[in-house]
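**Q** Here is my input, please return the structure:
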Amino acid sequence: MLFASATLVSALLANTAVAQKCQGAAPSKAIVAKGFIAKVFASGLSQPRGLTFDSEGNLLVVERGRGITAFKITEDAGGCLPTAGAKSTAIGNAQLNHGIDLSPDGKTLFASSVSTAWSWPYDAKQAKTTGPATTLVTGMSGSDHTTRTILISKKAPGTMLISRGSGSNYDIRAKTIGSGFSQIRSFDIAKVSAKSVAYTEGKVIGWGLRNSVGLGENPADGGIWSNENGADQMDYGSSKLDIHETNPGEEINYHGKLTENSPQHGKNYGYPECAATWDTRGMPQTSLKVGQHFAPNPPRGTSGAVTATDAACQGPNYVAPRLSLPSHWAPIDMAFTKSGSVAYMTSRGSWNKNTPDGYQLFAIDFKDGQPTHPATSKSAAIAILENRNVGSACKGFVSGCFRPTGVAIDAKGRIYMASDGTGEIYVIGKSDGSSVHDLAQVEPYVRG
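**A** Below you'll find the model as predicted:
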């Protein structure tokens, strides 16, 4: 299969001297898209996951088994990529495992464990919390998919979203909206700060979402987006054709806006009854298109009867993805530029394929709040930073292969990407020194 790489078109003129000086910063194990440079920002971390920046420009990192660490940013005198400065512990809590965000005023820090979402008063000048935790949402315990991503809306002040995945590969509990599994729900921060609530008391933004780890709000229009990890070990049809190598597609889903009563609110996105098509060549029903829902059999090694049909999955009761990604890429996070014209996303990489796939930071172009590519596209994802020789370097999750998790963009337009597999954070910037916030679009070219 061919994968996309990219050259970004900048509104600024290239600074040739800076580009030449900084071009050699890329790690040897990485392939960096034309027009970009990258280097390791920090290493030796404990499975770094979620990232965010506070109002003083400190990078906050969720380290599994430790808590939240704050890094000062040390700028390079020559205009190249920054390095990690002094680090400190913002929160010492070994339960924290992924979710992190800040209130729009930067004075409240939010984070989560497998079971609970909390908030703390936060002082960015000290880069630490200044008071005890307030329990906000409980009742989210589960196995298998244990992250509880938090998104604090900037367009709908006082609203918090929490994504909770399934408890297994094929979790039949997700068929019931009241179960609270495989859903995104919203909460009134003021109300849950006064009295904590169970997850199932939140408003359903979307359900039938197997494991939507990545959540993002497009600053252009306030649209809410998630990226979805599809099921493993899947087969299809009465002959139980093994399709797991190239299906189902991972999903990028649209959930409307929190500032209005969007028709997408409360909709079912298919799981576990429906899945998205990626490789139409491997499907016996040749009329299926990329991104179109079909009704798979319960994955191999699980029990349960097929309760939907392809026709039902393509009907009005289910919402198909706005875009699809290659199977088993495991998308983890997303970060929009200030204009909302580009979303940078991470693929932690496959385990369920004979040939490893994904393991990259990639970009999706947006215009007027929506992706520029149609729902049937197979070329919307544009690789920005990827492992060299993925097929061999990432087989068996070897330590030399980075596994992208959290992603965030700083005020100067540099991208920061965590890798939990290697305990690193990478910083990625434009080779001409310009800001990714100034980019109107990504211009892809195909690399074999």
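**Q** which residues of the stretch 1-150 of the chain score low on pLDDT?
**A** Scanning the stretch 1-150 of the chain for pLDDT under 70 picks out 1-28.
**Q** Helices of that one, start to end?
**A** All helices of the stretch 1-150 of the chain, identified by DSSP state H, counting those that start in this stretch, fall at 16-22.
**Q** what does the stretch 201-350 of the chain give?
**A** Using DSSP H, counting those that start in this stretch, the helices found in the stretch 201-350 of the chain span residues 310-313.
**Q** just for it, where's the confidence low?
**A** Applying pLDDT under 70 to the stretch 201-350 of the chain flags residues 303-306.
**Q** Which residues does stretch 365-381 contact?
**A** Identification of contacts with stretch 365-381 by Cβ atoms under 8 Å, 6 or more residues apart in numbering yields 3-4, 218, 220-221, 223, 252, 254, 278, 289-291, 320-326, 336, 340-343, 345, 362-364, 382, 441-442, 444, 446. No exception for glycine: its C-beta is placed from N, CA and C like everyone else's.
**Q** where's the nearest residue to Thr149 once chain neighbours are set aside relative to Glu75, distance?
**A** The shortest distance from Thr149 to any non-neighbouring residue, by Cβ to Cβ, 6 or more residues apart in numbering, is to Ser163 (4.3 Å). Look at Ser163 and Glu75: by Cβ to Cβ, to the nearest Å, they are 34 Å apart.
**Q** ok, the two, which is more surrounded?
**A** Taking other Cβ atoms under 10 Å, Ser163 and Glu75 do not tie; Ser163 has more neighbours (27 against 13).
**Q** Go ahead and confirm that one touches Arg148.
**A** Yes - Ser163 is within contact range of Arg148, at 6.9 Å (criterion: Cβ atoms under 8 Å).
**Q** what residues are shared contacts of these two?
**A** Here Ser163 and Arg148 have no joint contacts, going by Cβ under 8 Å, 6+ apart.
**Q** Nearest residue to Ala84 in space, please, no chain neighbours.
**A** With sequence-adjacent residues excluded and distances taken as Cβ to Cβ, 6+ apart, Ala84 is closest to Ala42, at 4.2 Å.
**Q** same check, this time on Gln95
**A** Counting by Cβ to Cβ, 6+ apart, the residue nearest Gln95 is Ser113, at 3.9 Å.
**Q** Equivalent analysis for Thr134, please.
**A** That would be Ser119: by Cβ to Cβ, 6+ apart, it lies 4.9 Å from Thr134.
**Q** and the one you found, what does it touch?
**A** If you count contacts by Cβ under 8 Å, 6+ apart, Ser119 has them with 108-110, 133-134, 136, 189, 193.
**Q** Equivalent analysis for Gly406, please.
**A** 48-51, 61-62, 98, 332-333, 346, 416-418.
**Q** Repeat the analysis, applying 10 Å as the threshold.
**A** Taking Cβ atoms under 10 Å, 6 or more residues apart in numbering, we find Gly406 in contact with 48-52, 60-62, 98, 100, 213-214, 332-333, 335, 346, 416-420, 425.
**Q** Could you tell me what pLDDT the model assigned to it?
**A** Gly406 is assigned 98 on the pLDDT scale.
**Q** ok, so what distance separates it from Val390?
**A** For Gly406, the distance to Val390 (Cβ to Cβ) stands at 20 Å.
**Q** same deal with Phe53?
**A** 29 Å.
**Q** residue boundaries of the strands in the stretch 151-300 of the chain?
**A** Counting by DSSP state E, counting those that start in this stretch, residue ranges of the strands within the stretch 151-300 of the chain are 159-164, 183-188, 197-198, 203-207, 214-217, 223-228, 235-236, 241-242, 250-257, 267-268, 275-276, 293-294.
**Q** for the third one, what is the average pLDDT?
**A** For strand 197-198, mean pLDDT rounds to 99.
**Q** quick one: that strand to chain centroid distance?
**A** Offset of strand 197-198 from its chain centre (Cα atoms, centre = their mean, to the nearest Å): 25 Å.
**Q** Does it pack against any helices or strands, and if so which?
**A** When contacts are defined as 3 or more Cβ pairs under 10 Å, 6 or more residues apart in numbering; DSSP states H and E, strand 197-198 sits against strand 134-138.
**Q** What residues sit buried inside the strand it packs on?
**A** Within strand 134-138, the residues scored as buried using 16 or more other Cβ atoms under 10 Å are 134, 136-138.
**Q** and what of stretch 58-65?
**A** Neighbour-count burial for stretch 58-65 flags 58-64 (criterion: 16+ other Cβ under 10 Å).
**Q** wait, which of these is closest to Pro104?
**A** Nearest to Pro104, judged by Cβ to Cβ, of the buried residues of stretch 58-65 is Leu60 at 15.4 Å.
**Q** so the closest one sits right up against Ile100, yeah?
**A** Yes - between Leu60 and Ile100 there is a contact under Cβ atoms under 10 Å: 6.3 Å.
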